[in-house]
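Q: Sequence and predicted model, in that order:
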Amino acid sequence: MSGLAFTRAPPAARPLRFLLTAPAWGMVAGVMLAMDPHALAGRWSPPTIALVHLLTLGLLGNAMLGSLQQFLPVAAATPLRGTRWLPLAHAALNLGLVLFVLAFHGMHALLLPAALLLATALGLVLVPPLLDLFRRGAQRLLRAGIGAALLALAATALLGVLAAALLRGYGTLPLDRVVDAHAMFGGGGWVLGLLAAVGSVTVPMFQGTPQVPARMQQAWMAVAIVLPLAAALARLCGAPAGVVALALAVQACAFAGAVLWLQWRAPHRRNPSLVRFWTAGCVALVLAALAACATLVEAPWIDTGTAGMLAGTIALGIGVPLLLTGMLLEIVAFISWVDLRGRCPRGMRIPAVGRLLPEEDKRRALVLHLVAALLLPAALLGPRAAFAAGLVLATAHAATLACLLRCLRRARHFLHHPEAYR
């Protein structure tokens with residue numbers, strides 16, 4: 001951790017407001033899956049669209065945006081600007097998501113206002129750091145990767161607003177092409193792009209793997225920029241939907257393969273629960289990629305609609321959430337440790353990160369997430385299976401939130417009773 005600028009760490013409340021909201025939306029997604037028999041009725045089903053955005057904006061969005069508030073100044077040598085707007089951005093993001101879900105459950109007039117509110121919230125977070133991310137200086141490759149991911153997020157938001165406008169009858173562009181391009185920029189450019197950029201620092205730091213070679217980072221950044229852009233533009237210009245499925249599959253396999261290779265070569269493995277979260281998440285991404293490729297095969301024994309739903313369920317319900325949940329536990333513990341470091345007098349020994357959030361707590365959460373991962377694909381079989389999967393999914397994210405709150409409570413307890421930790 002010697003390369004981290006602890007003195008630039010933001011107040012703990014700034015990233016925590018996003019990070020603690022993420023598992024709460026995971027719980028909501030689980031409850032919705034359990035209670036709504038149409039939650040996985042098909043790609044164009046309104047409840048399915050609402051569930052997808054509960055995961056992508058509520059769970060993943062809050063986790064990723066919150067992590068950036070800590071990562072940019074501490075690890076990427078990038079100052080945070082416009083921080084006074086962050087509470088407003090957090091409120092707008094989550095209120096916009098509530099309106100979005102209501103819009104797809106009958107209150108259709110809320111759709112366009114929800115999309116505009118969500119786009120505004122994302123803009124308040126992604127615009128301020130952009131110029132600093134592309135300037136010359138230290139960590140240039142890392143900052144460029146994060147900047148490219150933020151630009152992909154901007155494209156995702158704009159295409160999302162366009163799709164909402166088309167649904168409300170404004171314009172005549174093909175909705176399916178716009179939605180596919182929206183998914184390509186969001187999944188390939190933003191989610192996988194940011195995970196790889198930030199992971200080039202956090203995977204060696206927290207999992208004890210070798211450092212990511214610069215050439216590997218450069219190759220990934222080229223893929224993460226060129227592939228989503230090319231696939232999205234091709235789809236908008238009329239290319240078949242398989243172009244997007246294949247591009248996402250290639251990118252997911254490249255990312256997962258790189259992480260598994262680094263883990264296999266780890267000389268000093270640490271944080272075993274985090275390693276297992278990421279191993280399981282990467283395996284799930286590979287399985288999702290295989291299911292996505294199945295949609296390209298024209299064979300009587302393969303239903304492309306079911307294969308596409310399976311790919312989305314595994315990727316958005318299992319793969320990426322496992323990666324982010326594992327990191328969420330580490331990041332909140334790390335933020336608590338940094339906060340204690342700033343509050344306590346120099347020379348005072350403070351609890352280690354592993355004492356603020358013990359491995360046993362993380363292991364219990366991991367087991368619940370793995371059980372949910374086994375049940376989620378079966379949710380496509382019918383309402384009863386979806387009910388069981390939804391309950392376990394909600395329980396897993398509740399366990400994650402409980403872990404985070406216990407970590408914060410331990411840090412607060414140390415401030416008032418340091419003698420109990422000697």
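A: Done, it's in.
Q: where do the helices sit along the stretch 51-200 of the chain?
A: 62-75, 86-103, 111-126, 130-133, 140-167, 175-184, 193-207 (DSSP state H, counting those that start in this stretch).
Q: Tell me the buried residues in the fifth one?
A: Translated: helix 140-167. 142-157, 159-167 (16 or more other Cβ atoms under 10 Å). In short, each C-beta sits where N, CA and C put it, glycine included.
Q: picking that back up, and the helices of the stretch 51-200 of the chain, which one averages the lowest pLDDT?
A: Mean pLDDT is lowest for helix 130-133 out of the helices of the stretch 51-200 of the chain, coming in at a mean of 86.
Q: Just the C-alphas of that one, formatted as CSV.
A: Extracted in CSV, the C-alpha atoms of helix 130-133 (Å, rounded to 0.1, in the frame of the first residue of the first chain):
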residue,chain,number,x,y,z
LEU,A,130,-12.5,13.8,-16.8
LEU,A,131,-10.0,16.5,-17.7
ASP,A,132,-7.7,15.4,-14.8
LEU,A,133,-7.9,11.8,-15.9
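Q: Not counting that helix itself, show me its contacts.
A: Contact partners of helix 130-133, identified using Cβ atoms under 8 Å, 6 or more residues apart in numbering, comprise 76, 78, 79, 81, 143, 144, 146, 147, 150, 151.
Q: Please give me every residue in contact with residue 215.
A: If you count contacts by Cβ under 8 Å, 6+ apart, residue 215 has none.
Q: Check the offset of the helix or strand where it lies from the chain's centre.
A: Using DSSP states H and E, the element containing residue 215 is helix 214-236. Its chain's C-alpha centre and that of helix 214-236 lie 19 Å apart, by Cα atoms, centre = their mean, to the nearest Å.
Q: can you state the direction angle for that helix and helix 193-207?
A: Interaxial angle of helix 214-236 relative to helix 193-207 (axes from the mean of the first three to the mean of the last three Cα atoms, to 10 degrees): 150 degrees.
Q: ok, so of the contacts of helix 130-133, who is nearest residue 384?
A: Nearest to residue 384 among the contacts of helix 130-133 is residue 150, at 41.6 Å by Cβ to Cβ.
Q: Hmm, residue 134 and that closest one touching each other?
A: No. Using Cβ atoms under 8 Å, residue 150 is not in contact with residue 134, being 10.1 Å away.
Q: dump the residue contacts of residue 362.
A: Going by Cβ under 8 Å, 6+ apart, the list of residues near residue 362 reads 273, 274, 329, 403.
Q: My read is that the second one contacts residue 326, right?
A: Yes. Taking Cβ under 8 Å as the definition, residue 274 is a contact partner of residue 326 at 4.7 Å.
Q: who has more neighbours, the two?
A: residue 326 (27 against 23; other Cβ atoms under 10 Å).
Q: Just the element for that one, please.
A: Using DSSP H and E, the element containing residue 326 is helix 320-343.
Q: Lowest-scoring secondary structure element of the chain by mean pLDDT?
A: helix 130-133 (a mean of 86; mean pLDDT, DSSP states H and E).
Q: Show me what counts as buried in the helix or strand residue 384 falls within.
A: Here residue 384, judged by DSSP H and E, is contained in helix 383-416. Residues 383, 385-401, 403-404, 407-408, 410-411, 414 are the ones in helix 383-416 that count as buried (16+ other Cβ under 10 Å).
Q: now do stretch 363-373
A: The neighbour-count check on stretch 363-373 (16+ other Cβ under 10 Å) flags 364, 365, 366, 368, 369, 370, 372, 373 as buried.
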